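A.B. asks: Take this sequence and fold it.
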Amino acid sequence: MADYLGKKIVIIGLGLTGLSCVDFFMARGVIPRVMDTRSTPPGRDKLPDDVECHSGSLNAGWLMDADLIVASPGIALTTVELQAAANAGIEIVGDIELFCREATAPIVAITGSNGKSTVTSLVGEMAKAAHWQVGVGGNIGLPALELLKKSCQLYVLELSSFQLETTYSLKAAAAAVLNVTEDHMDRYPQGLSQYRAAKLRIYHHAKRCVVNAQDALTLPETGMDSRCISFGVECGDYQLDSENALLKVHNQSLLATNKIKLTGRHNYVNGLAALALADAVGIPRKASLAALKVYPGLDHRFQLVHMKNGVRWINDSKATNVGSTEAALNGLKLDSTLYLLLGGDGKSADFSPLKPFLNGNKFGFTALAVMGNDWRSSVQK
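C.D. replies: Predicted structure coming up:
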């Protein structure tokens with residue numbers, strides 16, 4: 001465990017994660033400084049009176065005077081002030097790095113452009129079904145540092161590319177990159193390769209690597225090796241047999257998809273990834289299958305919210321990039337009109353892969369879209 005006594009600590013970003021970092025250092029006898037670019041950051045009223053807080057901008061003076069900077073994932077490392085601090089030799093980490101330095105139980109680490117919240121929570125449910133003490137958090141639910149407050153046999157962390165950029169000490173018992181498709185291109189000016197490189201950091205020092213057999217971008221930088229376990233549709237160690245509607249492991253039938261509460265092909269694949277991770281850390285298979293049969297999924301993720309007169313209303317508002325939207329559409333079984341509602345921040349992504357879904361090439365029926373200008377202009381190109 002690291003010793004922070006006597007160190008000058010600066011935390012960038014408040015909110016739940018920032019407050020968890022403050023609590024972490026205060027419990028170790030260190031009073032940090034806090035800054036947030038927002039004028040009225042959430043959680044400021046919860047700061048102890050002796051913690052200095054600067055808001056509305058980054059305080060370059062504080063940063064250059066620090067021994068350690070704990071940066072919010074929302075702050076790019078290319079920010080001028082952080083670049084100056086890094087060039088001055090000041091260490092910059094995130095809350096996940098602090099967590100990894102302290103955690104003593106095995107860690108399952110999950111990233112990917114799509115599906116990571118579902119797989120993370122599902123692995124957590126599999127561990128609970130085995131009566132394991134499990135902590136689930138990171139980019140979902142509780143901030144990782146909060147998980148240190150209780151005794152756990154296993155930690156299951158969802159990690160974003162932003163969080164992985166400032167993580168160095170992760171040694172996952174099992175790590176997965178579920179898929180890599182364009183996302184956050186506004187944060188990665190060098191494109192998909194830069195984004196992928198951040199994701200692949202999850203494999204560094206990992207004991208087992210769970211990879212997508214249908215997505216070469218999910219492989220470690222050195223390619224398939226003895227650590228790798230694969231999953232996919234009609235391929236992989238853990239595979240979906242679509243024709244027979246079965247989940248298989250090493251070609252042995254395991255579970256019929258009609259026994260799974262989750263719906264959609266992409267969710268069956270998520271289930272395979274979760275099973276591979278659970279098996280890798282020794283969660284009893286019987287418990288994992290029991291959890292998979294009853295797990296309902298997360299709100300706003302391919303969630304059936306209403307059905308009337310044969311019309312299904314599906315809330316997939318957490319599908320915040322093109323890849324996740326494609327996955328959801330590919331998982332549908334329809335023989336009539338699809339109404340697709342799209343909107344939000346495009347994050348500099350290319351939406352042209354959605355064109356086949358809207359012009360009838362993907363479906364043998366009419367697909368209509370209602371979308372914001374950001375999406376419409378890209379799809380029409």
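A.B. asks: Show the pLDDT at K318.
C.D. replies: The pLDDT attached to K318 in the predicted structure is 57.
A.B. asks: same thing with the one 5 residues further on?
C.D. replies: At G323 the predicted local confidence, pLDDT, stands at 65.
A.B. asks: can I get the CA coordinates of the one helix or strand R312 maps to in CSV?
C.D. replies: Secondary structure here is read from DSSP states H and E; on that basis R312 sits in strand 311-315. Listed in CSV are the C-alpha atoms of strand 311-315, where the atom choice follows Å, rounded to 0.1, in the frame of the first residue of the first chain:
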residue,chain,number,x,y,z
VAL,A,311,-46.0,-2.6,-31.0
ARG,A,312,-42.9,-2.9,-28.8
TRP,A,313,-41.3,0.2,-27.3
ILE,A,314,-37.6,-0.4,-26.5
ASN,A,315,-35.6,2.0,-24.4
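A.B. asks: Let me see the mean pLDDT of it.
C.D. replies: For strand 311-315, the mean per-residue pLDDT is 73.
A.B. asks: name the helices or strands packed onto that strand?
C.D. replies: Strand 311-315 makes packing contacts with strand 303-308 when contacts are defined by 3 or more CB pairs under 8 Å, 6 or more residues apart in numbering; DSSP states H and E. In short, each C-beta sits where N, CA and C put it, glycine included.
A.B. asks: Any regions of the stretch 251-381 of the chain where pLDDT drops low?
C.D. replies: When the per-residue scores of the stretch 251-381 of the chain are filtered using pLDDT under 70, the ranges that remain are 298-307, 310, 317-321, 323-324, 326-328, 330-336, 343-350, 357-381.
A.B. asks: run the last query once more with 50
C.D. replies: Scanning the stretch 251-381 of the chain for pLDDT under 50 picks out 375.
A.B. asks: And the helices in it?
C.D. replies: Assigned by DSSP state H, counting those that start in this stretch, the stretch 251-381 of the chain shows helices spanning 265-280, 285-294, 322-330, 355-358, 373-379.
A.B. asks: again, but for the stretch 101-250 of the chain
C.D. replies: Residue ranges of the helices in the stretch 101-250 of the chain, as given by DSSP H, counting those that start in this stretch, are 116-129, 161-165, 192-200.
A.B. asks: looking at these, which is closest to K8?
C.D. replies: Across the helices of the stretch 101-250 of the chain, K8 has its closest neighbour in helix 161-165 (22.6 Å, CB to CB).
A.B. asks: which helices and strands sit right next to that closest one?
C.D. replies: helix 95-102, helix 192-200.
A.B. asks: A85 in helix, strand or coil?
C.D. replies: Counting by DSSP: H, G, I helix; E, B strand; the rest coil, the backbone at A85 sits in helix.
A.B. asks: coming back round to it: winner for burial among the helices and strands packed on helix 161-165?
C.D. replies: Each of those was scored by mean neighbour count; the highest is helix 95-102, a mean of 22, by mean count of other CB atoms under 10 Å.
A.B. asks: gap between that helix and the chain center?
C.D. replies: On the basis of CA atoms, centre = their mean, to the nearest Å, helix 95-102 is displaced by 17 Å from the centre of the chain it belongs to.
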